[in-house]
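Undergrad: Test case, fold it:
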Amino acid sequence: MLIIIIFLLSSYPFQPVLCDRDIIPVFLIDHSSVLDDVNIEPNPFSKISTAFFADIVHGVIKKSEVVIVFVEDQLSVEDISTKDALGTPYRNLQVGLIEKKVKYLPKVIDPYKLLNQVFQPHQFNVFHLSSGMNLKMLEGKFKHLYIFFRDGKNETRAEVLRRHDLIMREVYTVMKQLVNGPVFAFYTGKMNPVQREKVEFVPIAPLEETKFPGVMVVTDGALYRFVGVFASTFTRRAVFNQIPMVAEETSNSESLSTKMAYSDFDLQFNFLLREKDWLLDTVALLEGGEEVGRTTMSVGAPWHHAFYCGEPLVIINNRDGSSVTISEYKIQPRRHRRIGCQIGGRRDDMNAAVGARFLRSATTNIQGSAESMNRSNADKARRQSEDDPPSLDDTDYNFPPQETPPADTEITESTPTPVAKPENPSDEQECEDFGHTVSCGPYFSVGILSSLFVIGISLLILSFGVVALMSCKANDTYDDPHGKILVLGLER
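TA: Take a look at the predicted model:
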């Protein structure tokens, strides 16, 4: 446990700060019973605020005739508990505490500063005393006065405080004799000599961890995003952050199969395409074209929705016991196969030729402002499109209606092939981004867990109520209406 605490302290930088210089003990000398209605418990663990102490001072001003402020240059709680061979130096204050004529406040925030603001010190009401021999000067009429102490040389702290205790008793006694009304006195110090180092931890800004975004693979039939693909054996682990090559993709109306080639292995994703949704059936691991492992998934989502899972997908190699893991993955098959949207793998030469042919045929059918464009600009645009044709996904053209060629027609650069127009407008976005996401753990959301927690508390309260009702016992016998009535009388 000690090692953990040392480690935590060493992990965070800290700076020492001097504190408690303004927290000073205060004695309220009240032999005239000015504050009898104020009950203050001397708690050494709680600090008395300046506002609360100001209320006490203003109450003293209303009820007392003269206020005396005894001020030490330095005063702390350690001085109050000082003792020598003769015992405590505050003999008179101790007697006053026992008789409940003196109240002690261990920790007050800036008491001298507040007293100095309320009771303005002047030259005629400030006195510096080293003993009680020169008290005739107090015969003047004062509403308040300050008494500062002069310490002698070669005196211990206990001797100094004992002499101050005698001076306070003599001054207070003389003022009670000179004044007809109640007299109240404060005894405090200017500052606390004990300097305690308070450790303030400097918060450390957390390092911004850049999470690897993963790789995006777009094929003609589906969209994939993988994060953290690695192969591991008993002795080593290899991470594959590169974009895999799309080696093969086959599809029909009921299934879709995509094979992705990494440097050391291949992954084959097999889908079942149904009327309202799609299903990722299995993921197979291949080495050298031979299947060496397979994991059954049986997960899916409705059409135009993606499936995301943050739990690792692990495919075990049954040949050598190694495994391939995908830490996070997001998959969405397309309902309609999109030719020319392949990203991350190889583009088939035939599809590239067909796309270029479509682009060249489309430039002759641009609608809108084609009539106002002059011939030179049209030739310039045509030459630029032939030199560097843009992608079909980045160009919005209106194609003329074309007929579907027969199945035995050979596709060449001069033979245009129509593109199947999606039935759903959302299919137009499938080439670039995923749709709405379905998570692999929808039954453990925050809302569901919160509801279960509230239901559990309600059932607990209900169970206590049922147990209390079941513990109630009815009377075993009832009063006999024909029996003798019990009468309680008083004897006088």
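Undergrad: Assign R162 to helix, strand or coil.
TA: Here R162 is helix, with the state taken from DSSP: H, G, I helix; E, B strand; the rest coil.
Undergrad: which ones are touching it?
TA: L86, P89, Y90, R91 (C-beta atoms under 8 Å, 6 or more residues apart in numbering). Any C-beta I mention is one placed from the backbone N, CA and C, and that applies to glycine too.
Undergrad: want to throw those residues into a markdown table with secondary structure, distance to D37 and neighbour count?
TA: Shown next, in a markdown table, are those (DSSP: H, G, I helix; E, B strand; the rest coil; distance: C-beta to C-beta, whole Å; neighbours: other C-beta atoms under 10 Å):
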| residue | secondary structure | distance to D37 | neighbour count |
| --- | --- | --- | --- |
| L86 | coil | 36 | 10 |
| P89 | coil | 31 | 24 |
| Y90 | coil | 25 | 24 |
| R91 | helix | 28 | 14 |
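Undergrad: quick one: which of those is nearest to F119?
TA: Checking these against F119 with C-beta to C-beta, the nearest one is Y90 at 23.2 Å.
Undergrad: Skipping its backbone neighbours, what lies nearest the closest one in space?
TA: D165 (5.1 Å; C-beta to C-beta, 6 or more residues apart in numbering).
Undergrad: Give me the buried positions along the host helix or strand of that neighbour.
TA: Element membership of D165, judged by DSSP states H and E, is helix 157-178. Neighbour counts over helix 157-178 (16 or more other C-beta atoms under 10 Å) mark 158, 160-165, 167-169, 171-172, 174-176 as buried.
Undergrad: do the same with stretch 213-222
TA: G214, V215, V217, V218, T219, D220, G221, A222.
Undergrad: Pick out the most distant pair among those residues.
TA: Across the buried residues of stretch 213-222 (C-beta to C-beta), the longest gap, 20.8 Å, separates G214 and D220.
Undergrad: quick one: average confidence on the biggest helix by length in the chain?
TA: Longest helix of the chain, by residue count under DSSP state H: helix 446-470. Averaged across helix 446-470, pLDDT comes to 92.
Undergrad: next one: stretch 156-163
TA: 88.
Undergrad: Please renumber the chain so that the first residue is 59 from this point on.
TA: Okay, using 59 as the starting number, the last item reads as stretch 214-221.
Undergrad: wouldn't the residue nearest to Y148 be in contact with N150 here?
TA: Yes. Using C-beta atoms under 8 Å, D223 is in contact with N150, at 5.2 Å.
Undergrad: ok, back up a step: could the contacts of R220 be laid out in TSV, adding pLDDT?
TA: Listed next are the contacts of R220 as TSV, based on pLDDT from 0 to 100:
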residue	pLDDT
L144	87
P147	90
Y148	91
R149	90
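Undergrad: In TSV: the residues you listed, plus distance to N376.
TA: As requested, the contacts of R220 are exported to TSV (distance: C-beta to C-beta, whole Å):
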residue	distance to N376
L144	92
P147	89
Y148	88
R149	93
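Undergrad: from the residues you listed, which two are the most distant?
TA: Between any two of the contacts of R220 (C-beta to C-beta), the greatest distance is 11.5 Å, for L144 and Y148.
Undergrad: Tell me the pLDDT of R208.
TA: 78.
Undergrad: For it, which non-adjacent residue is closest in space?
TA: S188 (4.0 Å).
Undergrad: Could you do L344 as well?
TA: L344's closest residue in space is D324 (C-beta to C-beta, 6+ apart), at 4.1 Å.
Undergrad: Ok, H116 next?
TA: V176 (7.7 Å).
Undergrad: Also N238?
TA: E123 (7.1 Å).
Undergrad: export the helix holding D223 as CSV, just CAs?
TA: These are the backbone C-alpha positions of helix 215-236, laid out as CSV (Å, rounded to 0.1, in the frame of the first residue of the first chain):
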residue,chain,number,x,y,z
ARG,A,215,8.1,31.6,25.2
ALA,A,216,6.2,30.3,28.3
GLU,A,217,7.5,33.1,30.5
VAL,A,218,6.5,35.7,27.9
LEU,A,219,3.0,34.3,27.6
ARG,A,220,2.6,34.1,31.4
ARG,A,221,3.6,37.7,31.8
HIS,A,222,1.1,38.7,29.1
ASP,A,223,-1.6,36.7,30.9
LEU,A,224,-1.0,38.8,34.0
ILE,A,225,-1.1,42.1,32.1
MET,A,226,-4.5,41.1,30.5
ARG,A,227,-6.0,40.4,33.9
GLU,A,228,-4.7,43.6,35.4
VAL,A,229,-5.8,45.8,32.5
TYR,A,230,-9.3,44.1,32.3
THR,A,231,-9.8,44.6,36.1
VAL,A,232,-8.8,48.3,36.0
MET,A,233,-11.1,49.0,33.0
LYS,A,234,-14.0,47.3,34.9
GLN,A,235,-13.4,49.6,37.8
LEU,A,236,-13.2,52.7,35.6
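Undergrad: Can you name the element that comes right after it?
TA: Counting by DSSP H and E, what follows helix 215-236 is strand 241-249.
Undergrad: Please name the strands paired to that following strand in the sheet, noting orientation.
TA: Applying DSSP bridges to the sheet, strand 241-249 is found paired with strand 81-87 (antiparallel), strand 124-132 (parallel).
Undergrad: and that strand, C-alpha only, in PDB?
TA: Coordinates of each C-alpha in strand 241-249 appear next as PDB, following Å, rounded to 0.1, in the frame of the first residue of the first chain:
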ATOM      1  CA  VAL A 241     -16.300  45.500  29.300                       C
ATOM      2  CA  PHE A 242     -15.300  43.000  26.600                       C
ATOM      3  CA  ALA A 243     -11.800  42.000  25.500                       C
ATOM      4  CA  PHE A 244     -10.300  40.200  22.500                       C
ATOM      5  CA  TYR A 245      -7.000  38.400  22.700                       C
ATOM      6  CA  THR A 246      -5.400  37.400  19.400                       C
ATOM      7  CA  GLY A 247      -2.300  37.900  17.200                       C
ATOM      8  CA  LYS A 248      -1.300  39.600  14.100                       C
ATOM      9  CA  MET A 249       0.000  36.500  12.300                       C
END
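Undergrad: Next, the angle helix 215-236 makes with that strand.
TA: 150 degrees (axes from the mean of the first three to the mean of the last three C-alpha atoms, to 10 degrees).
Undergrad: so what's the residue nearest to R208 up against?
TA: Counting by C-beta under 8 Å, 6+ apart, the residues that S188 touches are F207, R208, D209, G210.
Undergrad: Just among these, which is most surrounded?
TA: F207 (18 neighbours; other C-beta atoms under 10 Å).
Undergrad: so where does T340 fall, helix or strand?
TA: Going by DSSP H and E, T340 is part of strand 335-345.
Undergrad: What average pLDDT does the helix or strand that that strand is followed by get?
TA: Downstream of strand 335-345, the first helix or strand assigned by DSSP H and E is strand 348-360. For strand 348-360, mean pLDDT rounds to 91.
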